[in-house]
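Visitor: Sequence first, predicted model second:
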Amino acid sequence: MNAKILILLGVAAMAAADSGEFRGYGASSRSAESYESSEAKYDFQWAVSDESSENHYGHQEARDGDNTQGSYYALLPDGRRQTVTYYVDGDDGYIADVKYSGEASFDSRSYESSFESRESRRYAPPQRRYYDSNESN
């Protein structure tokens with residue numbers, strides 16, 4: 001009895017598969033339709049300029065289809081401004097041009113108090129401590 005049911009179900013599954021009723025993921029029972037994808041197009045710009053923290057940086061980018069170009073800048077700790085101008089060229093990928101403006105200078109007060117200028121603390125493994133099993137805690 002079980003064998004007859006299995007054979008019947010197998011035949012039904014083959015008939016349904018042959019008629020196209022079962023399709024893999026992504027396949028549609030409707031005729032294949034082509035969808036036009038819209039080309040990416042955007043333009044943005046932002047900047048931060050905080051005098052109290054001397055935080056100055058920004059970014060701008062524009063894209064129209066496959067053509068993407070932009071730039072970003074940051075004020076470095078030594079006082080120079082780093083500007084990166086870039087574009088994306090199909091097969092060549094991301095092409096960047098990095099420039100620096102201004103003169104590097106170090107203020108002795110800010111240099112001495114900055115986190116980066118402190119002597120780095122060297123790692124010292126913990127000292128081994130041996131306990132006497134006869135000691136009471």
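Guide: Good, I have the coordinates.
Visitor: Where do the helices of this protein begin and end?
Guide: Assignment of helices within the chain using DSSP state H yields the ranges 2-18, 108-113.
Visitor: Helix or strand, whichever it is, which one in this protein has the lowest mean pLDDT?
Guide: In the chain, the helix or strand scored least confidently by mean pLDDT, DSSP states H and E is helix 108-113, which has a mean of 52.
Visitor: and the nearest residue to G102 once chain neighbours are set aside, what does it touch?
Guide: Among residues not flanking G102 along the chain, R80 sits closest, at 4.4 Å (C-beta to C-beta, 6 or more residues apart in numbering). In short, each C-beta sits where N, CA and C put it, glycine included. Shown in contact with R80 (C-beta atoms under 8 Å, 6 or more residues apart in numbering): 100-104.
Visitor: and those residues, which two are the farthest apart?
Guide: Using C-beta to C-beta, the contacts of R80 span at most 10.9 Å, a distance reached by S101 and A104.
Visitor: just to revisit the earlier point, do you know the pLDDT at the residue nearest to G102?
Guide: As predicted, R80 sits at a pLDDT of 91.
Visitor: and what of E33?
Guide: 60.
Visitor: Could you list the low-pLDDT ranges of the protein?
Guide: Segments of the chain classed as low confidence (criterion: pLDDT under 70) are 1, 6, 8-9, 16-37, 107-121, 135-137.
Visitor: Where do the strands of it begin and end?
Guide: Assigned strands in the chain, in chain order: 41-50, 55-64, 67-75, 81-89, 93-101 (criterion: DSSP state E).
Visitor: Out of those, which one sits most buried?
Guide: The highest average neighbour count among the strands of the chain, using mean count of other C-beta atoms under 10 Å, belongs to strand 67-75 at a mean of 16.
Visitor: Pull the residues that contact it.
Guide: By C-beta under 8 Å, 6+ apart, strand 67-75 touches 54-63, 81-88.
Visitor: G90 reaches D66, doesn't it?
Guide: Yes: counting by C-beta atoms under 8 Å, G90 touches D66, with 6.1 Å between them.
Visitor: ok, H59 - contacts?
Guide: 44-47, 70-73.
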